[in-house]
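# One predicted model, sequence on top.
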Amino acid sequence: ESIGVIGIPFSKGQPRTGTEFGPKVLRLGGIVNKLQSLGCHVEDHGDVEVIQVENDDPEEKAKNPRSVGQTSKLIADKVEQELRSEDICIALGGDHSMAIGTIAGNARVEPDLVVLWIDAHADINTPMTSDSGNIHGMPLAFLVHELESYVPKLSGFEWLTPCIHAKDIAYIGLRDVDAGERKIIEKFGITAFSMQEIDRYGIKEVVERALRAVDPEGNRPIHLSFDVDAMDPTLTPSTGTPVMGGLSLRETYYIAEEVARTGRLCMIDIAEVNPLLGDEKEKKMTVDLIISVIQRFFGNRRGG
Ligand SMILES: CN[C@](CCCC[B-](O)(O)O)(CCN1CCCCC1)C(=O)O
Ligand SMILES: [Mn+2]
Ligand SMILES: [Mn+2]
Ligand SMILES: [Mn+2]
């Protein structure tokens, strides 16, 4: 299949500088040629233009709404364009607010998509339930039909309408979920496998149950949104909201290999790489392990 890579050098969904350099360090880590070496046809389509609005005052406690909303529109347009010419798109972020645009854009091409959200966090706060006001903790709330009446139309988001249903989402890796998010997950019956379920059932069972829950017929395109903080911080320390007790490298490889085996992966987000956090060794380990995980989504199997 043909793979298109886009960069999303964006950081306004959260307060720390550094995620804007995520695309750069992943490219320098050799992501494009390491995928080409697997026999994939890979083309790097450069970076999405990001918008930084002056005096971008918070609305409903959500910070930088105009910068995030306007950038998300450009992301959606770029992803839509990409997916009309490539089989698969890899979006290199950038903070996780990027997923507003990547999922909205993907859904224009694949309206029947399901979302696997690999993350320590649920990222489904509304502006009202969020205690930080950081939009990287809210992306799914802007995308889900069932939350439409709970999420105010912020400046910059006029273009966006919800495009997925709660039942189309499955979480793997949760271990830091806010009270408001817990209520939303329960109220709408969102499929959620925290680290506790992974310890109870094992990763094989969790991946099988997650896929069966969102795609029982095994025929829907998969949008996989990978927050690098899903992995244990000893593996990916260069990220802004690390939480101990995360996915092992083997569990992460297993997820990637099983999703690859479906043959239905259409888009991957790689979110929350922040190369300004950690020392040189930690930055290199973060980048190298992420690239090794990405390779597993594209046919690189441990068994050869
Ligand atoms: C759990 N929710 C947080 C973190 C969101 C992380 C976004 B991601 O993209 O990296 O996953 C944390 C909210 N507060 C919890 C209590 C302590 C202060 C932060 C939020 O800011 O909404
Ligand atoms: Mn996270
Ligand atoms: Mn609707
Ligand atoms: Mn996230």
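Looks like it arrived, so ask away. Ligands and ions are numbered 1, 2, ... in the order given.
# Can you tell me the closest non-neighbouring residue to the residue of the stretch 201-304 of the chain found nearest ligand 4?
The minimum distance from the stretch 201-304 of the chain to ligand 4, using CB to the ion, falls at residue 227 (3.4 Å). (Glycine included, C-beta is placed from N, CA and C.) In space, residue 227 comes closest to residue 119 once its chain neighbours are excluded; the distance is 3.9 Å by CB to CB, 6 or more residues apart in numbering.
# In contact with that neighbour, which residues are there?
96, 171, 173, 174, 225, 226, 227, 229, 230 (CB atoms under 8 Å, 6 or more residues apart in numbering).
# Ligand 2 versus residue 98, what's the distance?
12 Å (CB to the ion, to the nearest Å).
# quick one: stretch 276-283 to chain centroid distance?
21 Å (CA atoms, centre = their mean, to the nearest Å).
# measure that stretch end to end?
Stretch 276-283 stretches 8 Å from its first residue to its last (CA to CA, to the nearest Å).
# Please spell out which residues along that stretch are buried.
277, 278, 282, 283 (16 or more other CB atoms under 10 Å).
# which residues does the third one contact?
Translated: residue 282. 237, 238.
# same check, this time on the second one
In this structure, residue 278 makes contact with 237, 238, 286, judged by CB under 8 Å, 6+ apart.
# Look at it and report its pLDDT.
At residue 278, the model reports a pLDDT of 98.
# Look at the residue nearest the centre of the chain and tell me its secondary structure.
Centre of the chain computed as the mean C-alpha position; nearest residue by CA atoms, centre = their mean is residue 225, 2.8 Å away. The three-state assignment at residue 225 reads strand, by DSSP: H, G, I helix; E, B strand; the rest coil.
# Please tell me the pLDDT value assigned to it.
Confidence score, pLDDT, at residue 225: 99.
# export the buried residues of stretch 276-283 to a markdown table and tack on distance to residue 36 and secondary structure?
A markdown table is the format used below for these (distance: CB to CB, whole Å; DSSP: H, G, I helix; E, B strand; the rest coil):
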| residue | distance to residue 36 | secondary structure |
| --- | --- | --- |
| 277 | 29 | coil |
| 278 | 28 | coil |
| 282 | 27 | helix |
| 283 | 24 | helix |
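# re earlier: near ligand 1, list only the ones from the contacts of residue 119.
96, 227, 229 (CB under 6 Å from any ligand atom).
# Most neighbours among those, which one?
residue 96 (32 neighbours; other CB atoms under 10 Å).
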